[in-house]
Structure formats: C-alpha cells, structure tokens
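Colleague: When you get a sec, could you give me coordinates for this:
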Amino acid sequence: MVNNLVSRFTEEVGDGNDLFNTTDMDETLDGLAEQQALYNDDVNTLMDEIGDGSSSGIAEQVTSRLPSLPSRSCTPLQLGPMQISCQASNTVKLWLSWIVYFWTVVSIVDTFFRSGQRTA
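Modeller: Residues are numbered from 1 along each chain as shown. Purely as a prediction, here's the structure:
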C-alpha cells in the first residue's frame with residue numbers, strides 16, 4: 001500500500017527542468033487578455049450608445065421629467081410694517097435645521113438604548 005502511494009505521488013514529477021514551465025499559464029493569461037479586450041469593446045460600445053454628460057439621451061429623458069429647481073433668490077419677509085431680512089431668515093433656518101438634526105440623533109440613540117426596556 002505504501003509503494004502504491006509513493007508511485008502515485010512520484011509518477012509525474014519529471015526531471016526537474018519542467019518545474020518552471022509556464023506555457024499553460026501564458027496561454028491562460030493570453031485568453032484572459034482577449035476576454036478583457038472583448039469586454040472593453042462591449043462596454044465602450046454601450047457607452048457610445050448611452051452618451052456622456054450633457055450629450056446623453058438617457059440623461060435628457062430623466063431631466064425632462066424632473067421639475068426645474070427654483071432660482072436662488074431671496075425677498076425679505078414682510079409682516080405688516082415689520083420687514084425681516086434674508087440674512088435673519090437664513091439664520092433662523094440654520095438654527096431650526098440644527099435643532100432637527102440634533103433631535104433626530106437624540107431620538108435614534110434613545111431608540112437603541114431603550115429598545116430592551118419597552119414591551120408591546
């Protein structure tokens with residue numbers, strides 16, 4: 001039985017000069033390079049059909065269905081004889097957004113830490 005195992009492991013060892021024979025590996029890498037070139041050609045063909053940036057037909061179809069954004073302009077808020085400037089209203093918006101963000105984080109943290117205490 002031992003001789004049988006030895007013969008199996010040593011039957012295709014060769015003379016030592018073929019240990020660095022890389023022809024099969026070279027053929028495999030060449031085939032891989034050919035496949036990659038075909039893939040790149042396919043991708044480039046598809047990209048030519050789609051277009052890029054502003055010349056893309058798909059981008060035009062998507063943007064034509066989206067509403068246009070309003071222009072960025074500010075008019076002061078008029079409350080009777082009192083007028084609130086754009087800078088003041090922007091400051092209030094910043095404060096309110098910070099409060100909303102902060103309260104969101106507090107609520108999420110509270111949900112994680114108190115989820116084990118709540119029962120339905």
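Colleague: alpha carbons only for contacts and neighbour counts from here, please
Modeller: OK.
Colleague: in this protein, which spans are strands?
Modeller: 77-79, 82-84 (DSSP state E).
Colleague: Dump these to CSV, plus mean neighbour count, distance to Asn90 and mean pLDDT.
Modeller: Below are these laid out as CSV (neighbours: other Cα atoms under 10 Å; distance: least, Cα to Cα, whole Å; pLDDT from 0 to 100):
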stretch, mean neighbour count, distance to Asn90, mean pLDDT
strand 77-79, 10, 11, 86
strand 82-84, 10, 10, 89
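Colleague: Of those, which is nearest Pro67?
Modeller: strand 77-79 (25.4 Å; Cα to Cα).
Colleague: List the pairing partners of the closest one within its sheet, with orientation.
Modeller: strand 82-84 (antiparallel) (DSSP bridges).
Colleague: Contacts for the strand it pairs with next, please.
Modeller: Pro76, Leu77, Gln78 (Cα atoms under 8 Å, 6 or more residues apart in numbering).
Colleague: CSV for the strands of the chain, including distance to Leu96?
Modeller: Formatted as CSV, the strands of the chain follow (distance: least, Cα to Cα, whole Å):
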stretch, distance to Leu96
strand 77-79, 17
strand 82-84, 16
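Colleague: Among those, which comes closest to Leu38?
Modeller: Nearest of the strands of the chain (Cα to Cα): strand 77-79, 61.8 Å.
Colleague: Show me what that closest one is in contact with.
Modeller: Gln83, Ile84, Ser85, Cys86.
Colleague: Just give me the closest of those residues to Arg65.
Modeller: Distances from Arg65 to the contacts of strand 77-79, taken by Cα to Cα, are shortest for Cys86, at 31.3 Å.
Colleague: Would you mind giving the domain segments of this protein?
Modeller: 22-54, 75-120 (automatic domain parsing).
Colleague: Identify whichever of those domains lies nearest to Leu66.
Modeller: domain 22-54 (15.4 Å).
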